[in-house]
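Novice: no sequence for this one, just the structure:
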């Protein structure tokens, strides 16, 4: 049984100006210990997808369709009280901005003891403190700093603390939403190394959300590419790098500079991402796609299995698509 | 090639605000040494990049060069003329020749000004064109930056544009006066990846077509490598290594540059890079370490590093490094 199973998930934001289908028809599964990357630009729905796994999609968002199963249990059917037992214990979330994700008037130790107390009311305070010191040590922080306040730590250290809070209850799955976007490259590499190390030690699965495809290619087993709420491609990272199928993925990979190459020629994807209140009909990428045909603007392409555990949402890879025009 | 910009021993110290009590008991002022003795020159027609982590002083240096900030000491030469102390009318005339593009296209355009007015504003300020003449120039420039058909964009407000379109508008505004030199401060870091290349390509195109010179500021060394001719790496207010792109990336010499380059993610799953570990974090710019400011984190440090500040020396042709190892 897979650890996480998502089928035909749809998340809507019902705003006063109309409904935004932020995530539409997304299905995938994740095994224990795997690392999955969610790639996409701003507004592609990657964070919404991550938050929906915690059932934390903010107002006016609602999970409109589909199923999310964690360890075989459909969490969308659970009452809120039971859901609280899953958050933190089974699935934990690391937010993007470490500067605003910690309570400024609480000591670091209190962040941990509160979490441990809520989920394990029988654990004694001393034991909780001891566990916190161990976690801080694992994060490369001095255990003496347990009584410091968040403002006494740098951005990189705060992100370490956030990661520590996420792994404190030894969850099966950690979702890290742009965990290093606010940080400098050297700190970023350290944090990603830390996440990878912890993942191996604790045997948890990891979903890494990022707009930076370089990071995902480097760190993840599998990658999902999102575009305007659609999952446009899904493959393991070596396959995706070697053999990108969707025109959007191809364009994306050609637009990231590689520090190891000299005289690299970058090319851009023309146009810009659609307004999600009024997305294009059919395939959401067609106005920017150089392979677009008539059909693309009227019908939504299905997710096609191209073999090798590689899926792509594009008419180019249907049987008719190849022969058509 | 002649030098269009020359910065000599540029320094910018910002005083630290102290509480009332502290002011009573201490005389000594403390300063954030944002830029601490920086010397470089930009040759005509090239793209010179200042790169480094946040807080290294790259943006402050850029602002000093276009005289948006007054240097604490040091001098700036533009086409050989000392512009460090220019004021009033003379400074205004200088601004016609040097422009700046800011990082955040959501903040750099007045939300209550229509695009045509915002882009054409410099023409009015400098009294170069008004009315129909101005309109014509604005349309032409908007077309050049790819906001076409320009007639459709001229009456829009910034909130009706996407981030990429706004940055194009900012670019249009910076070239409308036909400057010789543009400081581009992280112009693509807030733009989606798929649109970055178009902005970069536009900038590269203008260099040829309009004979522009750029001072490019970025934290992203992969972008720096793609766009620049020469690169300077900054750390805590100083340039610690500077050289042609080829030499710098092929043969990084400063221990900090080596670590910085090793930390950049490479978009290739097969490639397992070896990261050079750096101890600790960047110290505060208020209390800069003695001697070489990198020594507390350096794994090659010798005793002298804590005492003597190394000088920027030329180690090979067009490659300078500030480290006592060489």
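Specialist: Here it is on my side, so go on. These numbers were taken from a predicted model, which means no experiment stands behind them.
Novice: contacting residues for the nearest residue to residue A:289 once chain neighbours are set aside?
Specialist: Spatially, and ignoring its direct neighbours in sequence, residue A:289 is nearest to residue A:247 (4.9 Å; CB to CB, 6 or more residues apart in numbering or on different chains). The C-beta positions use only the backbone N, C-alpha and C, and glycine is treated the same way. By CB atoms under 8 Å, 6 or more residues apart in numbering or on different chains, the residues touching residue A:247 are A:285, A:289-291, A:314, A:316.
Novice: ditto for residue A:65
Specialist: Residue A:65 neighbours (CB under 8 Å, 6+ apart): A:8-10, A:25.
Novice: The helix or strand hosting it: partners in the sheet, and parallel or antiparallel?
Specialist: Counting by DSSP states H and E, the element that carries residue A:65 is strand A:61-70. Paired strands of strand A:61-70, with direction, are strand A:4-15 (antiparallel), strand A:73-74 (antiparallel) (DSSP bridges).
Novice: Need those in TSV (columns: mean neighbour count and mean pLDDT).
Specialist: TSV is the format used below for those (neighbours: other CB atoms under 10 Å in any protein chain shown; pLDDT from 0 to 100):
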stretch	mean neighbour count	mean pLDDT
strand A:4-15	18	95
strand A:73-74	12	93
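Novice: With distance to residue A:243 added, can I get those in a markdown table?
Specialist: Output for the strands paired with strand A:61-70, formatted as a markdown table (distance: least, CB to CB, whole Å):
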| stretch | distance to residue A:243 |
| --- | --- |
| strand A:4-15 | 24 |
| strand A:73-74 | 34 |
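Novice: Relative to residue B:161, which of these is closest?
Specialist: Ranking the strands paired with strand A:61-70 by proximity to residue B:161 (CB to CB) places strand A:4-15 first, at 20.2 Å.
Novice: Which SSE is immediately downstream of that closest one?
Specialist: Later in the chain than strand A:4-15, the nearest helix or strand by DSSP H and E is strand A:18-30.
Novice: Spit out the contact partners of the residue positioned nearest the centre of chain B.
Specialist: Nearest residue to the geometric centre of chain B (CA atoms, centre = their mean): residue B:217, 2.9 Å. When contacts are counted by CB under 8 Å, 6+ apart, residue B:217 touches B:49-51, B:58-59, B:61-62, B:183-186.
Novice: which two from the contacts of residue A:247 end up farthest apart in space?
Specialist: With CB to CB as the measure, no two of the contacts of residue A:247 lie farther apart than A:290 and A:314, at 12.3 Å.
Novice: between the two, which one's more packed in?
Specialist: Each of residue A:290 and residue A:314 has its neighbours counted (other CB atoms under 10 Å in any protein chain shown); residue A:314 has more, 25 against 9.
Novice: Next, give phi and psi for residue B:7.
Specialist: phi -110, psi 130 (degrees, to the nearest 10).
Novice: Tell me how many other residues crowd it.
Specialist: 22.
Novice: Where does the prediction get shaky in the stretch 201-325 of chain A?
Specialist: A:320-325 (pLDDT under 70).
Novice: try 90 this time
Specialist: Across the stretch 201-325 of chain A, the ranges flagged by pLDDT under 90 are A:201-203, A:256-277, A:307-308, A:318-325.
Novice: can you tell me which residues contact residue B:95?
Specialist: Contact analysis of residue B:95 by CB under 8 Å, 6+ apart lists B:66-67.
Novice: for residue B:53, same thing?
Specialist: Going by CB under 8 Å, 6+ apart, residue B:53 touches A:184-186, B:219, B:235, B:260, B:282.
Novice: Write out the residues of the stretch 51-200 of chain A neighbouring chain B.
Specialist: Contact residues (CB under 8 Å from any CB of the partner chain) of the stretch 51-200 of chain A with chain B: A:154, A:156-157, A:184-189, A:193.
Novice: Please confirm that residue A:109 is located within a strand.
Specialist: No. Assignment of residue A:109 by DSSP: H, G, I helix; E, B strand; the rest coil gives helix, placing it outside any strand.
Novice: same for the helix-or-strand element of chain B with minimal mean pLDDT, what does it pack against?
Specialist: Lowest on mean pLDDT, DSSP states H and E among the helices and strands of chain B sits helix B:20-25, with a mean of 77. Applying 3 or more CB pairs under 8 Å, 6 or more residues apart in numbering or on different chains; DSSP states H and E, one finds that helix B:20-25 contacts no other helix or strand.
Novice: Just checking the distance from it to the centre of its chain.
Specialist: Centre-to-centre, helix B:20-25 and its host chain are 36 Å apart (CA atoms, centre = their mean, to the nearest Å).
Novice: What are the buried residues along that helix?
Specialist: For helix B:20-25, a neighbour-count test (16 or more other CB atoms under 10 Å in any protein chain shown) marks nothing as buried.
Novice: Tell me the strands beside the very next helix or strand once past it, with direction?
Specialist: As assigned by DSSP H and E, the chain's next helix or strand after helix B:20-25 is strand B:31-43. Strand B:31-43 has the following strand partners under DSSP bridges: strand B:3-15 (antiparallel).
Novice: which residues touch the strand it pairs with?
Specialist: Defining contact as CB under 8 Å, 6+ apart, one finds that strand B:3-15 is touched by B:29-44, B:57, B:60-61, B:64-65, B:69, B:71-80, B:180-181, B:213, B:215.
Novice: from those, which would you call buried?
Specialist: B:31-40, B:42-43, B:57, B:60-61, B:64-65, B:69, B:71-72, B:74, B:76-78, B:180-181, B:213, B:215.
Novice: ranges for the helices of chain A?
Specialist: All helices of chain A, identified by DSSP state H, fall at A:46-53, A:80-86, A:108-119, A:125-138, A:155-167, A:185-202, A:213-219, A:237-242, A:247-254, A:319-323.
Novice: Could you point out which of those helices sits nearest residue A:38?
Specialist: Nearest of these to residue A:38, taken as CB to CB: helix A:46-53 at 4.4 Å.
Novice: ok so the residue nearest to the centre of chain B is a strand residue?
Specialist: Yes. The assignment for residue B:217 by three-state DSSP puts it in a strand.
Novice: if I look at it, how far off is residue B:268?
Specialist: Between residue B:217 and residue B:268 the distance is 27 Å, computed by CB to CB, to the nearest Å.
Novice: what's the answer for residue A:11, then?
Specialist: Taken as CB to CB, the span from residue A:11 to residue B:268 is 32 Å.
Novice: repeat for residue B:298
Specialist: 29 Å.
Novice: How about residue B:33?
Specialist: Distance, residue B:33 to residue B:268, using CB to CB: 39 Å.
Novice: Ok, residue A:48 next?
Specialist: For residue A:48, the distance to residue B:268 - CB to CB - is 29 Å.
Novice: Secondary structure element holding the residue lying closest to residue B:149 once chain neighbours are set aside?
Specialist: Leaving aside its chain neighbours, residue B:149 sits nearest to residue B:143 (7.7 Å; criterion: CB to CB, 6+ apart). Using DSSP H and E, residue B:143 falls within helix B:131-144.
Novice: what does that helix contact?
Specialist: Helix B:131-144 is contacted from outside by B:115-116, B:119-120, B:123-124, B:129, B:148-151, B:153-154, B:169, B:172, B:175-176, B:206, using CB under 8 Å, 6+ apart.
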